[in-house]
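Chemist: below is the sequence, then the predicted model.
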Amino acid sequence: MTQTAATPEPPAPEAPPAQPLLELRDVDVLYGRVQALRGVSLHVQSGEVVALIGSNGAGKTTTLRAISGLVRPARGEVLLEGQPIHALGAEVIARRGVAHAPEGRRLFSRMTVRENLEMGAFSRRDGSELRADYDRVYELFPRLRERSTQLAGSLSGGEQQMVAIGRALMARPRVLLLDEPSLGLAPILVDAIFEVIREINATGTTILLIEQNALLALDVARRAYVLETGSIALSGSAAELQQSEAVQRAYLGM
Amino acid sequence: MPEHVSGRLAGDVDLPTTATETRAQESSSVFWLLVIGGLMMLVGGWLLPWFVEPTANGIGASPMDVVASPPRGVGSLLVYLMGLSMLGLLAGAAYDAVSLRLRRGQPHRWARQRAVLAAVGMVCTVTVWYLIAKRREEPLFGELSPLALTDNAVWLTLTGFALCCLAYGFRRPIAARSGLTLAAVALVVGALVPLIFRQSIEFISWAAGAAAIYTLLALGLNVVVGFAGLLDLGYAAFFAIGAYTCGSLASSRHGDVLHIPFWPYPFWIILFLGAAVAALFGALLGAPTLRLRGDYLAIVTLGFGEIIPDAANNNAFGQTGGPNGITGIHHPSLFGHDFGIDPRPYYYALLVLIALIIVVLRNLERSRIGRAWVAVREDEVAASATGINTVSTKLLAFAIGAAVSGFAGAFYGAELGIVSPDDFQFAVSVTALSTVVLGGIGSITGAAVGGLLISFIIFWILPHAQEWSMTFGNTTGFTALSSVDYSKYVYVAYGVILVSIMLLRPAGLIPSRARKVELQAGGESEPLAAVRGRA
Amino acid sequence: MEGQGEVRAVLPPLARRRSLLRGGGLAELGSRAFPTVLIGALVLMIIDVAARSGVSVAGSQLVNGITKGAIFALIAVGYTMVYGIIELINFAHGDVFTLSAVYGKEIGRGLSWIGMSLWGVSLGSLATRGPLGLAAVLLVLFPLTMAATGITGVLIERVAYRRLRDAPRLAPLITAVGVSFILEGSMLVTQGSSNVRTDKEGWIRGTAFTAGGVDVHWADIFVVGMALLMMFALQAFIRSTRLGKAMRATAQDRDAALLSGVNINRTIAATFFIGSALAAAGGLIYSIFFDSVVWNLGFGFGIIAFTAAVLGGIGNIVGAGLGGFLIGLIYVFGGQITSGQWSNSIVFAMLIVVLTFRPVGLLGMRVPDRA
């Protein structure tokens, strides 16, 4: 766990350097009159794994949706490398290098595995490097190579999750947003998926991860934010949060 | 879509939060209805003589002519006063509209003053009318005198003033009992229509009867589309079934079966038979198809709505008379009075029927069944999970809707004396749908008002548009305008109503509260709308 | 209780009834029985006509049915594409078809005017001069009309449907009915209430060959050939191009497509463009074949073509083509058997039966219900 987190130069977690890769400043999201996010600020440095933890309905998914443009913040800013992206359409944000593997996987179920991966690379035009990326995804998930001509809808839950992550990777993202990659998977698969997440990060991809299983999340992440009813209740390095009594009581079941 | 979420949901959904707020909204829509109706009548009455074709008495001048000519004594003064009261009321309404839009201010201030203004207008109108019509005080008005106002114009103006007076003068009592007020006003004005108008009474009564039939269709369709949330694109089929059933029972074709000595062709029994047969067909079509998803069901009803007139046209089972339809339908009679071809008795009978049906529907809406309809409409899976039999709930709506249109069909055939396949084409279904959409999906008041407005467009605006256009064309030199046939534009008008209402005001002119929430809150906020509804 | 509701929502009633009789897993059987019954009924109809009126009548009706079917198929493709991508029954599509015939007429007049003033040749005289002249005319007329109609389709989507994309399902269906009436009404106002000639008389004449006493005309071959060409081109386009892929992705999961960088608005607009352009091809073929249209032609044609789309499996382009030809045959033979009176009713009854008992059609996927 510490190997991956130690690779980038270690700045103090609460004093970010000049420009984080991804930053949310004071973001509010409204659904009708219901406020889903309230003044959420967070940042993700290049190369980090950052986890968002919190209970159901705390606003984790909404935070990711606000980053990738599926909902528009009513207030506040989302910055990618200092550039505001919150006013852009979701497809433009995707092209800027934010890949979102959404909640519930959302595969194109009537396309083959291969076609799903192709859709991940939809906005890329660099044909020559694509082949290498397919190989990389198949290396991470050898199972997908066997299944590549099968319809995505016919796969098992774990395989679908692999396709979802693989599809997001095919965009060569600068930031990868993962929404509950462990949801509904057998424990052994969960371990495998998190192993892959570590590998992906080790090759330099920045990851913002939502996970209900706080133990797992804090294990893989370098830093984490705890969301409660739409705002950030706690933040800090994974190690600090693991020690924090509040987190232990509420999320780690200790 | 992101733009959707931020653009519409965040801003425009004004969900009523408290009971008082919703009541205030409801009553203010009734208030606006009275005011706008009154003002339209005022303006219409004022302008009417311009547009009514000159009759034998040489009517053609208007109060405007009096105003335009130099003042001539007391008579002109009274007309001025009338005009001033009207302008005052119009200006007030315009001020309300602007202030509502600009700073969401308190609407309709100075209500008492406006009530007085309307009362003054009423007094002036009555005096002018009395002077002209009864005493023929020509010197008071100069040469224009006998031409200055038609009876129709007087009565329209007077009703308009009366409505404004009522709305402004009794704002609080109306707010307390909005439904009752509206019903009473509608009934009184409705009953007066054939009495108010003296000129072209035949046409107006006939048009009013047709409006009543449209209203009946809208009320029935509203049960299906509004209450149960099922889009029925073939509603005319049930109208046709009612009309054909009653037609064949009330003509020599099958009437002999029901022929009782001294009580020939008992229309009032046949009427219910027609409704029952229509309801039966509604259930027959609905039973296998109501499991379908909403849009598929709409198309199934559309297919059914095409098959029925096709069958009638092909003389199915030798019973429908083919393209000529059923002729020689006997007119109903009541207490020995034969309705004959006079449109007025039909109109009154329809008015009574509409009132009864509205009472029944209002009670249904608030009953257990009504709540089941709401549940099915909002979330069918959830409804069935709470133990509602969704199919029989929907079936009931279908059957009730069909029965109401069966009533309409019975009257339609009885008044015309003939039913033929051409009267039940898809356009009829779309007319009914436009009426419901215009008035407000799910709103009984809306269906009634929609029926009125649509008939106004069909029977008044489109036919007269030709005259106006001709006058305008001739005076301005655009002769092309003189030969436009506006009656052809009725299809475009329906289309524009359907599209623009759904885009701009999806809950219709008189929104039903529950539907307003459902229709505005789309996409992601749907569950939230439900939460708010419960809160 | 909950489970029961679930089953009721998912299974078509016929399959459910069967499975009550013979045990589970028989939805499959329904899917095999349905095409068998359908084709069987069609064959019986053909045999009936052949027995009663002779083989040559049956043969010429067969040609007639396939020709009509080709036009239905072209319209059905538009329904199926739009339904596939935004789950909207684009009620106005049939009227877009009629509109394209009117466009074709007006564009043809414009081209004739240009031709007359520049070279003294009208469109009609060039088209009837020989195969080369005809090809030249069609190569100009088809793209222009298809583009104009396609743009109309895009405008309709932009104005009447886009804002309602996330509204409850019935709202855009109601505006679609409204758009249909606006289109029909405008054609009634501008073209009048009776049949209008489209100035394409005699463009394609003559008999290509005679087989078993049945004359097959060049016009029949043209209609069917054009329809097949268009549909194969479309299928190839959807399968292999970037835009085609974007369309399929949008149809399957709009949010996921958005996250993959697909511009949803542009993709949906393109779908409307292609669907309307194909309807325009149908409209032109129709006007070359019959040389007359009437303002409300698209209403009936629209429902028939929609039936074809449903029969083939809504959302499935190959299915729409197949459904078109089948419905064409059923329409023609049903009409022949009932001496021309009931052909519409037969198709509408089929629509009801298919929607009720086998809403996924012949080749369709089960569409998840989110009504």
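Modeler: Looks like it came in fine.

Chemist: so is stretch C:342-362 next to chain A?
Modeler: No. Judged by CB under 8 Å from any CB of the partner chain, stretch C:342-362 and chain A are separated, with a smallest distance of 13.2 Å. No exception for glycine: its C-beta is placed from N, CA and C like everyone else's.

Chemist: could I have that stretch exported to CSV, CA atoms only?
Modeler: Provided in CSV are the C-alpha atoms of stretch C:342-362 (Å, rounded to 0.1, in the frame of the first residue of the first chain):
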residue,chain,number,x,y,z
TRP,C,342,-60.4,-3.9,-44.9
SER,C,343,-56.7,-3.6,-45.7
ASN,C,344,-56.1,-0.8,-43.2
SER,C,345,-58.1,-2.4,-40.5
ILE,C,346,-56.2,-5.7,-40.9
VAL,C,347,-52.9,-3.9,-40.5
PHE,C,348,-54.2,-1.9,-37.5
ALA,C,349,-55.5,-5.1,-35.9
MET,C,350,-52.1,-6.7,-36.4
LEU,C,351,-50.6,-3.7,-34.7
ILE,C,352,-52.8,-4.2,-31.7
VAL,C,353,-52.2,-8.0,-31.6
VAL,C,354,-48.4,-7.7,-32.0
LEU,C,355,-48.1,-4.9,-29.4
THR,C,356,-50.3,-6.9,-27.0
PHE,C,357,-48.9,-10.4,-27.3
ARG,C,358,-45.4,-10.0,-28.7
PRO,C,359,-44.2,-6.4,-28.2
VAL,C,360,-40.6,-7.4,-28.9
GLY,C,361,-41.6,-8.3,-32.5
LEU,C,362,-39.7,-10.8,-34.7
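
Chemist: say whether chain B is contacted by it.
Modeler: Yes. Applying CB under 8 Å from any CB, one finds stretch C:342-362 in contact with chain B at C:342, C:344-345, C:348-349, C:351-352, C:355-357, C:359.

Chemist: ok, so of those residues, who is nearest B:Phe472?
Modeler: For the residues of stretch C:342-362 next to chain B, the residue nearest B:Phe472 by CB to CB is C:Asn344; the value is 42.5 Å.

Chemist: give the contact list for the closest one.
Modeler: By CB atoms under 8 Å, 6 or more residues apart in numbering or on different chains, C:Asn344 lies in contact with B:306, B:310, C:300, C:304.

Chemist: quick one, helices of the stretch 151-300 of chain C?
Modeler: Under the criterion DSSP state H, counting those that start in this stretch, the stretch 151-300 of chain C contains helices at C:170-191, C:218-240, C:242-252, C:254-259, C:264-290, C:297-312.

Chemist: mind putting those in TSV, distance to chain A included?
Modeler: Listed next are the helices of the stretch 151-300 of chain C as TSV, based on distance: least, CB to the nearest CB, whole Å:
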stretch	distance to chain A
helix C:170-191	18
helix C:218-240	10
helix C:242-252	4
helix C:254-259	4
helix C:264-290	7
helix C:297-312	16
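
Chemist: still on that earlier bit, which of the residues of stretch C:342-362 next to chain B sits closest to B:Ser85?
Modeler: C:Phe348 (57.3 Å).

Chemist: so the closest one sits against B:Val300, correct?
Modeler: No. Counting by CB atoms under 8 Å, C:Phe348 stays clear of B:Val300, with 9.4 Å between them.

Chemist: what sits closest to B:Gly328 if chain neighbours are left out?
Modeler: Setting aside the residues directly before and after it, B:Gly328 is nearest to B:Ser251 in space (CB to CB, 6 or more residues apart in numbering or on different chains), at 4.9 Å.

Chemist: can you confirm that neighbour is in a strand?
Modeler: No. Looking at B:Ser251 with DSSP: H, G, I helix; E, B strand; the rest coil, it is coil, so not inside a strand.

Chemist: what about it, neighbour count?
Modeler: 21 (other CB atoms under 10 Å in any protein chain shown).

Chemist: now it: how far from B:Gly294?
Modeler: 39 Å (CB to CB, to the nearest Å).

Chemist: and A:Leu113, what does it touch?
Modeler: Not Leu; residue A:113 is Val. A:144, A:147-150, A:152, A:155, A:163.

Chemist: now the two most distant members of those residues.
Modeler: A:Thr149 and A:Val163 (12.9 Å).

Chemist: flag every residue of the stretch 151-254 of chain A that's near chain C.
Modeler: So far as CB under 8 Å from any CB goes, the stretch 151-254 of chain A lies against chain C at A:167, A:171.

Chemist: one more pass at 6 Å, please.
Modeler: Residues of the stretch 151-254 of chain A lying close to chain C by CB under 6 Å from any CB of the partner chain: none are found.

Chemist: could I get the full set of helices for the stretch 151-254 of chain A?
Modeler: Going by DSSP H, counting those that start in this stretch, the stretch 151-254 of chain A shows helices at A:157-169, A:187-202, A:214-220, A:238-243, A:245-250.

Chemist: export the ones you listed to TSV and tack on mean pLDDT, mean neighbour count and distance to A:Leu21?
Modeler: Shown next, in TSV, are the helices of the stretch 151-254 of chain A (pLDDT from 0 to 100; neighbours: other CB atoms under 10 Å in any protein chain shown; distance: least, CB to CB, whole Å):
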stretch	mean pLDDT	mean neighbour count	distance to A:Leu21
helix A:157-169	90	24	16
helix A:187-202	89	16	13
helix A:214-220	86	20	18
helix A:238-243	87	18	18
helix A:245-250	79	14	25
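
Chemist: between those helices, which gets nearest to A:Tyr134?
Modeler: Nearest of the helices of the stretch 151-254 of chain A (CB to CB): helix A:157-169, 9.0 Å.

Chemist: how close does C:Val154 sit to C:His217?
Modeler: In terms of CB to CB, C:Val154 sits 35 Å off from C:His217.

Chemist: pick out the residue of chain C closest to chain A.
Modeler: As assessed by CB to the nearest CB, chain A sits closest to C:Gly261 within chain C, at 3.2 Å.

Chemist: neighbours of that residue, just the number please.
Modeler: As a measure of burial, C:Gly261 has 23 neighbours, counting by other CB under 10 Å.

Chemist: separation between it and A:Glu81?
Modeler: Taking CB to CB, one finds C:Gly261 at 18 Å from A:Glu81.

Chemist: what is the burial count for the closest residue to B:Trp373 other than its chain neighbours?
Modeler: In this structure, B:Trp373 finds its nearest non-sequential neighbour in B:Phe227, 4.4 Å apart by CB to CB, 6+ apart. For B:Phe227, the neighbour count with other CB under 10 Å is 28.

Chemist: which non-adjacent residue is nearest residue 238?
Modeler: Here I'm looking at chain A. Nearest one to A:Ala238, counting by CB to CB, 6+ apart, is A:Leu218 at 4.5 Å.

Chemist: oops, wrong one, chain C.
Modeler: Going by CB to CB, 6+ apart, C:Ile238 has C:Gly244 as its nearest residue, at 3.9 Å.
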